[in-house]
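A.B. asks: following is a predicted model, sequence given first.
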Amino acid sequence: MEVIETRIDIASDEYRANYAAMEAQVARLDEELEKARSRRSERAIKRNEQLGKLPVRKRLELLLDRNTPFLEIAPLAAYGLYDQKVHGAGIITGIGVIHGREVIVHANDPMIKGGTIYPLGVKKGLRTQTIARENRLPIIYLVDSGGAFLPLQSEIFPDADDGGRIFYNQAVLSKMNVPQICGVLGLCTAGAAYIPAMSDDVVHVQGTGAIFLGGPPLVKAATGEEVTAEDLGGAAVHCRESGVSDYFAEDDAHCLDLIRQIVGNLPPAQKTEIGRTEPRQPLYDPREIYGIVPVQISTPYDCREIIARMVDASEWLEFKAQYGPTLVCGWARIHGYPVGILGNNGVLFSESSLKATQFIQLCDKRGTPLLFLQNIPGYIIGREYERGGITKDGHKMVNAVATATVPKFTVIVGASFGAGNYGMCGRAYSPRFLWMWPNAQIGVMGGEQAAGVLVTVKNDQLAREGQPPLPPEVVEGMKKPIMDAALKEGDAWYSTANLWDDGILDPAKTRDVLGLAISAALNAPLRDDVYGYGTFRM
């Protein structure tokens, strides 16, 4: 493969301005991640200590192999929402290693609102199970929850993708023979009692762990019976009498050690082999990406420059380099794993859409994972392009993305607007993982364009009524709130708060995150459903 030769002048004023802007955004990211990891009230910390419980991060430390990476999923879920204190939606989820085997962990944080479940906590739990299902990862539930946050129960309980779906997914995972192991370190109340009941193995901590469909307050209200949590659903009850729990743990540390033993006793993982080679570092410093990405998202740049700082030895084999140049396609390796990369260098035309379709088909047939680097304002529009067939050619690309069966990974490195989001494997197209960079923006269209469309529609309406167009001051007053809303609701922070992605990444760390994600994805068979494509409109 050829080495990508950089054309970036790291001494230029433009590079330095870009670098400073991205460095500031990454500093903000690091600060917010630290808050989410560690900011807990003194009262909650003291209460947790009094109960003899370990902090959730300490639990993870004891559970996972030492000095191994932990790929946390959606660490800033619920960022800025609720009362701005439900860090990570009250749950820590991530992919880690136990006895050399990759697993995914879903752990309640009892120091956040007593571990009660908020609507976005449900969404995060469902996302955890999706990752387990798609990648065939054993899932470990560390349950310590006071149940649903009752003031928001209507957003948690009744719908198809609400709390009940957790247990539906557990049944499906069980049928698929995906191991599910539950540590009961605190309360498992109401519907949450089914999490241990539907797991393969249940480790129950005496004194703090309790499983019951109705807790002591509800029992008293419904029947008049007074009973303690331990007598109602403690470890002794469920290990000796009901049989709900399988292993009796004396404390948190004992529980986590037992879970490690259970994982170590599982049949060996059968990972898919795709021809990994010895990893090689890029020739260029990944931190140089800071200076490559423009401050203004509308400013174009060559995505090959960021590819050169992400792939092994900065080498790649470009596909159809002279055809459809607004989309860059090629083969490379990331941490030794082969990947097919699609990156935007502008609007998608018919030629770039057809190029993408062919490239995706080749990767799918060859069993090569796909990586989409999104910086896409959308598909080209206009009379000439509609007559040229942009709609049907765009459809071919969307069809190929939707039906490709190899693992897909998406990083939104800039703009993600309109149908371009679909063609470049947005969330609706089931990439195994999707991340955003701090500068990323997502929406139906940019704020300026959205405001312009609405002004045009209004002026057309006035013209039909025989009235003059809107005066300039009214136009500006109409456009500003639209543009402000688009900017706020389309930035990376809003996206990650609402779990539209799996987290915001430091661009310089993207290569390592992708390496971990590809490795995790190979726990599943490369192709386990119908191979092929739907009808392409010719």
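C.D. replies: Happy to help now that I have it. Since we're looking at a predicted model, the values are computed, not measured.

A.B. asks: which residue of this structure sits farthest from its center?
C.D. replies: Each residue of the chain has a distance to the centre, and by C-alpha atoms, centre = their mean the biggest one is for G466: 50.7 Å.

A.B. asks: what distance separates stretch 266-279 from the middle of the whole chain?
C.D. replies: Centroid separation for stretch 266-279 versus its chain: 23 Å, with C-alpha atoms, centre = their mean, to the nearest Å.

A.B. asks: pull up the distance across it, start to finish.
C.D. replies: One end of stretch 266-279 to the other measures 29 Å (C-alpha to C-alpha, to the nearest Å).

A.B. asks: pull the residues that contact that stretch.
C.D. replies: The contact list for stretch 266-279, computed with C-beta atoms under 8 Å, 6 or more residues apart in numbering, reads 101-102, 138, 179, 312, 333, 335-338, 367-369, 515, 522-526. (Each C-beta comes from the backbone N, C-alpha and C, glycine too.)

A.B. asks: residues of it that come out buried?
C.D. replies: Residues of stretch 266-279 classed as buried: 266, 271, 274 (neighbour count, 16 or more other C-beta atoms under 10 Å).

A.B. asks: pairing partners for the biggest strand by length in the chain, with directions?
C.D. replies: Longest strand in the chain by number of residues (criterion: DSSP state E): strand 408-417. Sheet pairing here is set by DSSP bridges, and for strand 408-417 it gives strand 370-376 (parallel), strand 433-436 (parallel), strand 441-443 (parallel).

A.B. asks: so which of those gets nearest G209?
C.D. replies: Within the strands paired with strand 408-417, the stretch nearest G209 is strand 433-436; the backing value is 31.9 Å (C-beta to C-beta).

A.B. asks: please enumerate residues in contact with the closest one?
C.D. replies: With C-beta under 8 Å, 6+ apart, strand 433-436 has contacts from 131, 409-412, 425-427, 442, 492, 495-496, 501-505, 510, 513, 517.

A.B. asks: report the buried members of those.
C.D. replies: The neighbour count (16+ other C-beta under 10 Å) marks 131, 409-412, 425-427, 442, 492, 495-496, 501-505, 510, 513, 517 as buried among the contacts of strand 433-436.

A.B. asks: low pLDDT regions in the stretch 401-538 of the chain?
C.D. replies: For the stretch 401-538 of the chain, the stretches with pLDDT under 70 are 445, 528-531.

A.B. asks: which residue ranges of it form helices?
C.D. replies: Along the stretch 401-538 of the chain, the segments classed as helices by DSSP state H, counting those that start in this stretch run 419-423, 447-464, 472-489, 492-497, 510-521.

A.B. asks: need the buried ones from the contacts of stretch 266-279 selected in PyMOL.
C.D. replies: Those of those that count as buried under 16+ other C-beta under 10 Å are selected in PyMOL with:
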select buried, resi 101+102+138+179+312+333+335+336+337+338+367+368+369+515+522+523+524+526
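
A.B. asks: in strands only, show me the contacts of stretch 266-279.
C.D. replies: Using DSSP E, the contacts of stretch 266-279 in strands are 101-102, 333, 337-338.

A.B. asks: make CSV from those residues and add distance to T93 and pLDDT to it.
C.D. replies: Listed next are those as CSV, based on distance: C-beta to C-beta, whole Å; pLDDT from 0 to 100:
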residue, distance to T93, pLDDT
R101, 17, 98
E102, 14, 98
R333, 28, 98
Y337, 23, 98
P338, 28, 98
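
A.B. asks: just give the closest residue to N399, not the sequence neighbours.
C.D. replies: Setting aside the residues directly before and after it, N399 is nearest to G534 in space (C-beta to C-beta, 6 or more residues apart in numbering), at 5.4 Å.

A.B. asks: wait, the one you found touches T403, no?
C.D. replies: Yes: with contact defined as C-beta atoms under 8 Å, G534 reaches T403; the gap is 6.2 Å.

A.B. asks: the more surrounded of those two?
C.D. replies: Legend: neighbour count by other C-beta atoms under 10 Å for G534 and T403, higher for T403 (17 against 11).

A.B. asks: so where's the stretch 251-400 of the chain uncertain?
C.D. replies: In the stretch 251-400 of the chain, no residues with pLDDT under 70.

A.B. asks: that older thread, between the buried residues of stretch 266-279, which sits nearest R260?
C.D. replies: Checking the buried residues of stretch 266-279 against R260 by C-beta to C-beta gives L266 as the nearest, at 11.1 Å.

A.B. asks: give me the neighbour count for P481.
C.D. replies: The tally of other residues near P481 (other C-beta under 10 Å) stands at 11.

A.B. asks: ok, and for stretch 1-10, which residues are buried?
C.D. replies: So stretch 1-10, judged by 16+ other C-beta under 10 Å, has buried residues 4, 6, 8.

A.B. asks: turn those residues into JSON lines, including secondary structure.
C.D. replies: What follows is these, written out as JSON lines (DSSP: H, G, I helix; E, B strand; the rest coil):
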{"residue": "I4", "secondary structure": "coil"}
{"residue": "T6", "secondary structure": "coil"}
{"residue": "I8", "secondary structure": "coil"}
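
A.B. asks: pLDDT and distance to Q153 added to those residues, as a markdown table?
C.D. replies: Output for those, formatted as a markdown table (pLDDT from 0 to 100; distance: C-beta to C-beta, whole Å):
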| residue | pLDDT | distance to Q153 |
| --- | --- | --- |
| I4 | 97 | 53 |
| T6 | 97 | 55 |
| I8 | 97 | 53 |
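
A.B. asks: for stretch 170-184, measure first residue to last.
C.D. replies: Distance across stretch 170-184, first residue to last, is 16 Å (C-alpha to C-alpha).

A.B. asks: what sits up against it?
C.D. replies: Contacts for stretch 170-184 (C-beta under 8 Å, 6+ apart): 129, 132-133, 136-143, 194-196, 198-205, 209-211, 235, 245, 249, 255-256, 259, 262-263, 266.

A.B. asks: please apply the same query to stretch 17-34.
C.D. replies: Residues from elsewhere that reach stretch 17-34 (C-beta under 8 Å, 6+ apart): 75-76, 79, 289-295, 438-439, 504, 506-508.

A.B. asks: show me how far the helix ranked longest in the chain is from its chain's centre.
C.D. replies: In the chain, assigned by DSSP state H, the helix with the most residues is helix 13-38. Averaged C-alpha coordinates place helix 13-38 at 20 Å from its chain's average position (C-alpha atoms, centre = their mean).
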